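Participant: here you go, sequence then predicted model.
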Amino acid sequence: MPQKIKVAVIGAGPSGLSAAEVLREDSRFEVTLYEKNSWVGGKCHTVFPDGTVTNGQKGGYEVGAVAITSKSSGYNELRELICKYDIPTSRFKDSSRSSFVFKPGSPNYVKALLKPNGLLAYGFEYLRYRRSKHAGYTNRPKVLNKSLSERYSPEVVSRFSHVVQGFGYAEFEDPALTPAVLYYHQYLEFGHLSLPLHTIDIGTQGIWARIAESYEAEQLLLNHDVTSIKRSPKGVKVTANHITKDYDYVVVSTPLSAAVRYLDQSADDAAFMSKMRYNHYVTILCEVDGLDAIGTLNRGACEQNDLLGEVMLNYKRFKDSNIGCLYLYQPKGKNYSDKELIELADKSLRNNLDASIVDKSKALVYHWKDYFGHLSQADLDDGWYNKFEDTYQLKNRTLFVSSGLHFETINASVQYGTREALRAIKQWAQ
């Protein structure tokens with residue numbers, strides 16, 4: 001029998017596991033996954049109230065990704081995975097309670113729609129510049145590099161903020177926290193806000209836990225933190241936990257900020273990849289008194305740069321439980337302790353949402369220091385994505401499916417990992 005092509009996949013989050021799924025469906029490939037944590041799923045992280053990862057059991061709370069958007073252009077690949085592994089989903093909406101409540105009130109949809117540079121203008125621009133394949137950011141017009149607040153009315157910013165800034169996809173240097181329009185085009189299709197949302201019955205982490213069950217122990221190396229990757233014309237050497245193994249190719253799914261620490265790169269290459277920016281996002285799992293809606297949003301914190309550190313959103317997954325997940329940014333200028341972040345969150349709840357944390361001693365804080373990879377307008381104008389594609393992607397025996405090369409939602413991560421792996425097969429299996 002011909003010798004199999006050995007591939008190491010670094011990182012067992014949605015994009016890495018999706019790429020691995022494509023490769024191992026091809027009998028010519030042998031895949032090994034490296035994951036530094038004791039669980040899979042990356043930012044799909046579902047836990048019980050004591051912080052234990054659910055690993056596919058029901059009853060968990062989301063402290064990372066929350067839901068999936070069906071019927072969108074980026075859903076096909078995820079739908080195939082969900083069907084393949086028989087993973088049940090439920091409609092996000094609960095008829096017995098409000099889905100979303102805005103404080104101090106809902107955005108003005110009429111103004112957002114009718115303003116000269118409002119939602120209609122966004123819709124026309126989206127249709128003009130849309131592409132049939134939404135997986136990446138290459139070869140996009142420069143007009144999309146300006147921030148949303150530079151191109152559209154404040155009402156549009158307000159309308160989009162709760163699903164963009166509120167979930168961590170912001171640009172701190174912009175007065176309205178809005179990143180480039182390019183990223184909205186990847187995420188917010190014109191009808192996106194009305195598309196049905198679905199939750200995963202076994203939790204978003206349960207998707208990847210279910211897939212991980214199909215791996216043999218030697219194929220999925222948990223608690224393996226990769227410290228070095230050395231590439232040559234003959235192959236790839238991966239070192240983790242002081243053990244080095246040989247492969248033919250490598251798939252990098254960790255953030256580029258992590259990849260520059262273990263890849264054998266020149267200083268110029270590392271500097272180029274380090275231009276990718278990330279946000280320090282925080283979620284707090286705790287019991288909250290005073291909020292009943294599935295999602296309660298603090299509009300001010302979603303829209304104003306000077307309110308970093310205040311709670312933007314409380315997500316309450318189960319009707320019969322007061323346990324919720326609070327979403328906020330790590331405030332700039334100081335490294336706050338977990339205790340200080342809990343105090344900030346409780347103060348914000350009391351001041352803005354008429355609510356409070358019931359027992360702060362039981363609150364659990366989760367840090368996502370490499371959330372929403374994105375670029376500055378200058379680097380976008382300089383053609384960073386095209387340069388990355390031409391210089392690094394599928395070069396030197398390496399495929400990158402890292403966040404920042406695609407939008408950081410479950411749909412987009414799966415789509416990008418799947419499509420890029422299909423490209424890799426055409427090259428690697430020649």
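Facilitator: Perfect, I can see it now.

Participant: residue 261: how many residues sit nearby?
Facilitator: Neighbour count of residue 261, defined by other C-beta atoms under 10 Å: 12. Quick note: C-beta positions are derived from backbone N, CA and C, even for glycine.

Participant: I meant residue 256, not that one.
Facilitator: 24.

Participant: quick check: it touching residue 273?
Facilitator: Yes. The pair residue 256 and residue 273 passes the contact test of C-beta atoms under 8 Å, sitting 4.6 Å apart.

Participant: contacting residues around the nearest residue to residue 384 once chain neighbours are set aside?
Facilitator: Nearest-residue entry for residue 384: residue 375, 5.5 Å, with adjacent residues in sequence omitted and distances by C-beta to C-beta, 6 or more residues apart in numbering. Contact partners of residue 375, counting by C-beta atoms under 8 Å, 6 or more residues apart in numbering, are 180, 275-277, 384-385, 404.

Participant: in strands, which of those fall?
Facilitator: residue 277 (DSSP state E).

Participant: got the contacts of residue 375 as JSON lines, with neighbour count and pLDDT columns?
Facilitator: JSON lines is the format used below for those (neighbours: other C-beta atoms under 10 Å; pLDDT from 0 to 100):
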{"residue": "180", "neighbour count": "25", "pLDDT": "93"}
{"residue": "275", "neighbour count": "15", "pLDDT": "97"}
{"residue": "276", "neighbour count": "23", "pLDDT": "97"}
{"residue": "277", "neighbour count": "18", "pLDDT": "95"}
{"residue": "384", "neighbour count": "20", "pLDDT": "98"}
{"residue": "385", "neighbour count": "20", "pLDDT": "97"}
{"residue": "404", "neighbour count": "24", "pLDDT": "93"}
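
Participant: go through the contacts of residue 375 and name the one nearest residue 152.
Facilitator: residue 180 (12.2 Å; C-beta to C-beta).

Participant: nearest residue to that closest one in space, please, no chain neighbours.
Facilitator: Residue 180 sits nearest to residue 145 (C-beta to C-beta, 6+ apart), 5.2 Å away.

Participant: list the residues that contact that neighbour.
Facilitator: 180-182, 377, 380-381.

Participant: can you report how many residues lie near residue 215?
Facilitator: 18.

Participant: I'd say it and residue 33 touch.
Facilitator: Yes. Using C-beta under 8 Å, residue 215 is in contact with residue 33, at 6.9 Å.

Participant: I'd like to know which of the contacts of residue 145 are buried.
Facilitator: 180-182, 377, 380 (16 or more other C-beta atoms under 10 Å).

Participant: nearest to residue 100, of the residues you listed?
Facilitator: So of these, ranked by how close each gets to residue 100 (C-beta to C-beta), first place is residue 181, at 23.8 Å.

Participant: does the closest one touch residue 149 like I think?
Facilitator: No. Assessed by C-beta under 8 Å, residue 181 is found out of contact with residue 149, at 9.8 Å.

Participant: tell me the contacts of the spatially closest residue to residue 263 that is not a sequence neighbour?
Facilitator: Spatial nearest neighbour of residue 263, chain neighbours left out: residue 229 (5.3 Å); criterion: C-beta to C-beta, 6+ apart. Applying C-beta under 8 Å, 6+ apart, we find residue 229 in contact with 10, 236-239, 250, 262-264.

Participant: let's go with 7 Å and repeat that
Facilitator: 236, 238, 250, 262-264 (C-beta atoms under 7 Å, 6 or more residues apart in numbering).

Participant: just the buried members of those residues?
Facilitator: 236, 238, 250, 262-263.

Participant: got JSON lines for the residues you listed, with secondary structure and pLDDT too?
Facilitator: Shown next, in JSON lines, are these (DSSP: H, G, I helix; E, B strand; the rest coil; pLDDT from 0 to 100):
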{"residue": "236", "secondary structure": "strand", "pLDDT": "98"}
{"residue": "238", "secondary structure": "strand", "pLDDT": "98"}
{"residue": "250", "secondary structure": "strand", "pLDDT": "98"}
{"residue": "262", "secondary structure": "helix", "pLDDT": "98"}
{"residue": "263", "secondary structure": "strand", "pLDDT": "98"}
